[in-house]
Structure formats: C-alpha cells, structure tokens
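A.B. asks: 3D, please:
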Amino acid sequence: MGTADSTGEAERLAALLSTLKERSGLSYGALGKRLHLSASTLHRYCNGDAVPADFAPLNRFARLCRATPEELVEVHRRWILADAAREQRGKGAGGAAGGAAGSDAPAADPGTPADLPDADDTPMSPETPDTQEPPDSPSAPRPRPRRRLILAATAGVIAVAATAALLVGRLVDDGAGAGAGQAAGAARGPVASPEAAESPSPSPSGSASGKPSASPSPSGTPSASPGSTAEGKPAAPAPTGVPFHASVRAHAWENQCSQRYLVDREPDAVRPPPVEQDAPAWVAAMGAVSADEQVVEVTLQGKGSETVVLQALHVRVVRTGEPLPWTDYGTGVGCGGGVALRTFDVDLDQGSPAARAAEGQRPFPYKISESDPEMFRVTAHTGGRDVSWYLEVEWSSGERQGVFRVDDRGRPFRTSASAGRPAYDYPPGASEWSEHQPG
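C.D. replies: You can find the predicted model right below:
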C-alpha cells in the first residue's frame, strides 16, 4: 500500500472526526480536558496528520461528541483501515531502503572490491585450478615440471579407473536376469518423497486453536504431482493458518462510569480507577473480575485479497459457580447517560448461553477481507453466577475452514454477579474510595 493510499485512509478518518467535533460545538481545549489529551493532539487527529496507535482515544472522543451507534462503528472501521495503511507504508519504506542498498552498485566493505564475483557465480571444472596456466608476469611464478608430471599421472589413473568401471557395469548387465533388469530400471526412476507417498490433500477442519488439519483426498480423483500443476508448472504453496487478523478488547466500556469490578481487597489497598485503555493492566494488577457485565470488542480483518466467511459466533462456558464474595468498585461517577451499543447480547445465566443479535443488528454470517473488516461488540451479563467463558468464530475461506477462539490473551473471560456486595466509588477530585451512593 503506497503513500497515497495511507494518506487517503487517514484523511477519511479525519473527515469523520472533524464532522463529529464540529457538531458537538466543543473546542479542542474543552474536548482535550475531558479526554485527558492535549488540544494539539486532537487537532492532529482531526486534520489527518496523525493516527493513534490505539482506538480507545477515538472511541472516547466519538462518544463525547455524542456519536450515534452507526457512527461509532464507522469511526472504528476507518481507524482500522488507516492504522493498517500506516503499517503497510512503514513496511514499504523499509523494503525500498533495502532495495536501494542492494541495487546495481552496492557499497562494499573497506578493502573488498565491489565488482568481484561470488564463488557460486563462476563454477569451475575440476581441472581448472591446476591445469590453467597463470598469465606471464614478474610476480607470478611458472609451474614446475615435476608438478606437471604428477598431474598427468593422476589424469591417467582416473581414465583407467573409469574404463574399468564401464567394463564391469557392462558385464553385470549382460549376466543379470529379467527380474534384475526391472529392479535396476526401477532404481533409476524418480523416487517419491515421503510426502508424495502419503498423498494427502489439505482439507482443514475446525479446531479450538484455529489450526487446519490435513485429511486424505478422495479416492479415484486424479491429481497433479506434489509441488506442480497439471501443466507441469510449479504450484503456489497452499495457504495455511487463520486467514484473518484478530484484535480483542476484553475490557471495553459503555462509558467512563459504566464499568464495575469485583476485587478481593479492602478499599485502601485498591488503586484509583483506570481510564478505559488502561483497564487491562489495572485488572491484572488488582486481580479484578468484571461485575455483572462485561463488554468485549472483537475486530476481524482479512489477510490479502481472499474473502473469509464468518459462519457463526458461539459462546463456550468453562465453569460456573456462586458469585464471588468480593467488594464492588466503580470506575467513575457523574458521567451521565452513554450510548448503548450492544451488537450481540449474551445471557450467562442461561443453561446454554448464545450470542443473540441485538435489535437492528443482523445475525451471522458475515464476510470480511483486508479492505472490509468487521467489528463485533459482545455484551455478556449475569445476575447470579460467577462464569468463566470464551467465544468461538466459525470461518471458511475457499476449501479451508476452521474455528477461531476469542479470549482474554489465552485465558477465559470471567464475569461475576455483584448483588449484595459492598460497593465503593471514586468521585472526581477525590483521593480515596468512598461508599457507593445509589442513584
């Protein structure tokens, strides 16, 4: 992806951000103060001069500007494309620099001529180093007569040995039976590799890890030899692995005040609440568990030009038990109502939880590619259980298919009810936790 493409994606993102900002009626300074960002940084985002490496700042910016659910999804989609274009531009710049370094006249190390050919580029016959006479020059000594005699004798011995080997081979061929002749002919033919002997054809099947597994090809179906097409041309290697990139946000929030966590610590041992982008580190440090509700954002983007069909989204429960007897801590107060964006809803209290499309959201299947990613927002909730769970995405691409697991960096998501537990908040400007005031 060239510079023009990367600039175009950034400009399209900036145009939408600028529209949201103007509609909000707030200045860059006012927005930056509420978002804990500098006014100049927001100005660069809205002008297309910069694209943030993380989506969280733009997510909070769009919500503060009262973006609709559709606009939030569009902001996320344009950020994905702009971020991918920026990465491709960086890779392209690195490749161009490498190509310039290896062009027609590469710089040589000191003391090493740049035009000397490699040894592999000038194959020589076995006789060349010894029989070729160097040019006459004062600095090159002439070969000695004794050396020439030794070389001539060696060449004679080699010729006699080769003649003897031919005669012995002729005698063996003449005296062998028909069976021996067939065995010799078979030995001269091409030998199949172990892979060719097994002759499997890749037919990936779904697995929890998303890795394809090979299954034997149907009998009676002619196929080209391994590594070549029917015309004898080298075949392109079959694609392997999951054909899309995945980005998972295990702790997405409706707004700065919406999320609550259960922590097995007293208030004086709990750190002040984080902002959304710092939530994963805070949760890990405190050993926290999402209280009552957990919002997970999954972004899937295809690799290359191939189209991937996302067939279904499943919920898998690892374990369930009584709610945790821990203390409930909120992330903020006084934020007001936020935009409820529930793409898929999961009731963890059901016997077999399922991801159900929210009102106005079409269900699976979906199609993705490199230029057309999809973002799925899953809201899981429980009113009386402690549930460990994860998601599975069924996918197919051409003749390949599989199952991709979505979790919290290798661990299941965990959500527990908080009813009846002590609750605390951290008001703006406060220096310690205080008891939660309902309403």
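
A.B. asks: Got the confidence number for A246?
C.D. replies: Model confidence at A246, expressed as pLDDT, equals 94.

A.B. asks: Check S6 too.
C.D. replies: 64.

A.B. asks: Kindly report the same for A197.
C.D. replies: Looking at A197, its pLDDT is 35.

A.B. asks: right, and T307 touches I368 too?
C.D. replies: Yes - between T307 and I368 there is a contact under C-beta atoms under 8 Å: 7.5 Å. For every residue, glycine as well, the C-beta is placed using N, CA and C.

A.B. asks: Have a look at these two and say which one is more surrounded.
C.D. replies: Legend: neighbour count by other C-beta atoms under 10 Å for T307 and I368, higher for I368 (22 against 15).

A.B. asks: got a list of what the more buried one touches?
C.D. replies: F244, L300, Q301, G302, T307, V308, L310, E374 (C-beta atoms under 8 Å, 6 or more residues apart in numbering).

A.B. asks: now, which of those residues sits nearest V51?
C.D. replies: When those are ranked by distance to V51 (C-beta to C-beta), Q301 comes first, at 15.4 Å.

A.B. asks: count of residues packed around that closest one?
C.D. replies: If you count neighbours by other C-beta under 10 Å, Q301 ends up with 22.

A.B. asks: One more: D345?
C.D. replies: D345, neighbours per other C-beta under 10 Å, totals 18.

A.B. asks: what ranges do the helices span in this structure?
C.D. replies: 3-24, 28-35, 39-47, 56-64, 69-101, 128-131, 145-175, 178-188, 194-198, 279-286 (DSSP state H).

A.B. asks: follow-up on the earlier one: buried ones among the contacts of I368?
C.D. replies: F244, L300, Q301, G302, V308, L310, E374 (16 or more other C-beta atoms under 10 Å).

A.B. asks: so which of these comes closest to C46?
C.D. replies: Nearest to C46 among the buried ones among the contacts of I368, with distances taken as C-beta to C-beta, is Q301, at 24.1 Å.

A.B. asks: Pull out the buried positions in stretch 70-85.
C.D. replies: Quick answer for stretch 70-85 (16+ other C-beta under 10 Å): 71-85.

A.B. asks: again but with stretch 404-419, I slipped
C.D. replies: Buried residues in stretch 404-419, counted by 16+ other C-beta under 10 Å: F404, R405, V406, D407, D408, P412, F413, R414, T415, S416, A417, S418.

A.B. asks: Can you name the residues in contact with it?
C.D. replies: Contacts with stretch 404-419, where a contact means C-beta under 8 Å, 6+ apart, come from 208-210, 242, 244, 246, 248, 250, 260, 262, 289-294, 296, 298, 318, 323-324, 326, 328, 348, 380-393, 395.

A.B. asks: Please pick the buried ones from the residues you listed.
C.D. replies: So, by 16+ other C-beta under 10 Å, the buried ones in the contacts of stretch 404-419 are 210, 242, 244, 248, 250, 260, 262, 289-294, 296, 298, 323-324, 326, 328, 348, 380-382, 386-393, 395.

A.B. asks: can you map out the strands along the stretch 301-439 of the chain?
C.D. replies: 308-321, 327-330, 344-347, 355-357, 366-368, 374-381, 386-397, 400-406, 413-416, 423-425, 434-435 (DSSP state E, counting those that start in this stretch).

A.B. asks: Report the angle between the first one and strand 374-381.
C.D. replies: Here the directions of strand 308-321 and strand 374-381 differ by 20 degrees (axes from the mean of the first three to the mean of the last three C-alpha atoms, to 10 degrees).

A.B. asks: Just the CA trace of strand 308-321, in PDB.
C.D. replies: C-alpha atoms of strand 308-321 as PDB (Å, rounded to 0.1, in the frame of the first residue of the first chain):
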ATOM      1  CA  VAL A 308     -13.400 -15.000   4.500                       C
ATOM      2  CA  VAL A 309     -16.900 -16.000   5.500                       C
ATOM      3  CA  LEU A 310     -17.600 -15.800   9.200                       C
ATOM      4  CA  GLN A 311     -20.300 -18.500   9.600                       C
ATOM      5  CA  ALA A 312     -21.300 -18.300  13.300                       C
ATOM      6  CA  LEU A 313     -20.400 -17.000  16.700                       C
ATOM      7  CA  HIS A 314     -20.700 -19.300  19.700                       C
ATOM      8  CA  VAL A 315     -20.400 -18.900  23.500                       C
ATOM      9  CA  ARG A 316     -18.500 -21.600  25.400                       C
ATOM     10  CA  VAL A 317     -18.700 -21.800  29.200                       C
ATOM     11  CA  VAL A 318     -15.700 -23.200  31.000                       C
ATOM     12  CA  ARG A 319     -17.100 -23.100  34.500                       C
ATOM     13  CA  THR A 320     -19.900 -21.600  36.600                       C
ATOM     14  CA  GLY A 321     -20.400 -21.200  40.300                       C
END
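
A.B. asks: and that strand, what other elements does it pack with?
C.D. replies: Using 3 or more C-beta pairs under 8 Å, 6 or more residues apart in numbering; DSSP states H and E, the elements in contact with strand 308-321 are strand 293-302, strand 355-357, strand 366-368, strand 374-381, strand 386-397.
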